[in-house]
Each structure stands twice: as structure tokens, then as C-alpha cells.
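Undergrad: with the input below, show me the fold.
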Amino acid sequence: MPIKVLVIDSIAALFRSEFDNNPFDLKRRANLFFKISSTLKFVAKKYGVAVLVTNQVVDVMRSGDLNGLRIGNYDSLYSSGRRVCPALGISWANCVNSRLFLSMNEEVVGNVAGEGDDNTLCRRTKREMHVVFAPHLPSSSCEYVIYREGVFGVRGQIEISVFGTSLNSDASKNPTFLLCDKEYSCGNV
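TA: Predicted structure coming up:
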């Protein structure tokens, strides 16, 4: 069975402690981003595979922290009730063909009668995928769930083919290089 998807999780982890925040290291880091993305695009094209690279997100502490920078089609992104932005910034953003944002939020969906007179809040994890930037896709989003059997769209929304075998089913004609900004979480999978 041929390989159809190459996943690198997480590219940001490679750069967290290797570079200082000075002009020389920032330039070195940007050059390394360009080399890595060029190599991954070459692999995608040569072998007809989709390349999915996850980035991490960091909290945006103040409204001025982004200096008016737009994140793809969004002014801001939210996950777990926090305003976040991609960890690797503008240099890495210029390396990708498409950017998806995966978010996870816990929400209350009702009450369940508990033992005795107590009522227990019923919570669920809401996961969403947003198309932040993709020249071939409209800005859109969909909700999804993760089970042992795979990843599935919720309530008949957009099919989430990026996670399934239908991802770029004819990758040799249209190799794809994606970047997912994702919120890491302990416990919930």
C-alpha cells in the first residue's frame, strides 16, 4: 500500500530552544524554514503524497501583540477559551500552501440527574477545523469528532477529507503541503 500522507508533528518543537530572539538567529531560523518547506514540497511532488505539518499555538496576551497582523482570513483565533496565534510566525506562514486551524473547546450541553438531589452538568468537547488560508478553498469551518475508527464530520457539515484516506486522493496531480495550528491537550484524544 503506497504512502499517501506524511505527517510531521510538531515542527515548532524543533525550534523552541535552538534559536535566540536576535536578528542573526531569526534570519537563520527563517532560512531553515525555507529549506525545510522546499524539501517537503519536493517530496510531495516527487512521491505524490500530501504533507501535513502541525505548528503549535501560543497565547496572545494583549490585543497589540499581533500589531494588526491578520492570520489568514481571521483577525484572531480562539481555542480552549483563549486567544491564540501560530507559534512560528510570519516566516513559516510564507512557507505553506494552505493553513488549517484545529480548535477544541469544552461546552455544557445540558444537565443529567445525578445521585440524590444533585444535578450534574453534561459537558462535551467541541472540535472545529477552520480553513484559515487556502488559495483553492473558501474560508469555512466544520465540527468533527475523533473516535478509535477515525475522524468524522458532525451534523452533515463539510467532509473532513484532510484526515481520512480521501485526502488528496490523486496527490500526484496536485501535491499538497498543509500546516495545522493545533492546541495540544492532555487526556482528550
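Undergrad: what are the boundaries of the helices in this protein?
TA: 23-47, 89-93 (DSSP state H).
Undergrad: tell me which of those helices lies nearest to residue 59.
TA: Among these, helix 89-93 comes nearest to residue 59, with 14.3 Å by Cβ to Cβ. Just so you know, the C-beta spots here come from the backbone N, C-alpha and C atoms, and that holds for glycine as well.
Undergrad: counting by contacts, list what that closest one packs against.
TA: When contacts are defined as 3 or more Cβ pairs under 8 Å, 6 or more residues apart in numbering; DSSP states H and E, helix 89-93 sits against helix 23-47.
Undergrad: show me which residues of the helix it packs on are buried.
TA: 29, 30, 33, 36, 37, 40, 41, 44 (16 or more other Cβ atoms under 10 Å).
Undergrad: contacting residues around the fourth one?
TA: Contacts here follow Cβ atoms under 8 Å, 6 or more residues apart in numbering; on that basis residue 36 touches 11, 95.
Undergrad: over to the third one?
TA: Counting by Cβ under 8 Å, 6+ apart, residue 33 makes contact with 88, 91, 92, 95.
Undergrad: pipe the helices of the chain into TSV and attach mean pLDDT and distance to residue 136 per row.
TA: Converted to TSV, the helices of the chain look like this (pLDDT from 0 to 100; distance: least, Cβ to Cβ, whole Å):
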stretch	mean pLDDT	distance to residue 136
helix 23-47	88	15
helix 89-93	74	17
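Undergrad: turn the ones you listed into JSON lines, columns for distance to residue 130.
TA: Formatted as JSON lines, the helices of the chain follow (distance: least, Cβ to Cβ, whole Å):
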{"stretch": "helix 23-47", "distance to residue 130": "21"}
{"stretch": "helix 89-93", "distance to residue 130": "15"}
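Undergrad: so which of these gets nearest residue 53?
TA: The closest of these to residue 53 is helix 23-47. By Cβ to Cβ, the value is 7.1 Å.
Undergrad: buried members of the contacts of residue 33 into ChimeraX, please.
TA: In ChimeraX syntax, the buried subset of these is picked out as below (16+ other Cβ under 10 Å):
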select :88,91,92,95
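Undergrad: show me what counts as buried in stretch 93-102.
TA: Those would be 93, 95, 96, 97, 98, 99, 100, 101, 102, for stretch 93-102 by 16+ other Cβ under 10 Å.
Undergrad: was I right to think residue 140 contacts residue 131?
TA: Yes. The criterion here is Cβ atoms under 8 Å, and residue 140 meets it with residue 131 at 5.1 Å.
Undergrad: ok, the two, which is more surrounded?
TA: It is residue 131, of residue 140 and residue 131, that has more neighbours when counted by other Cβ atoms under 10 Å, with 20 against 12.
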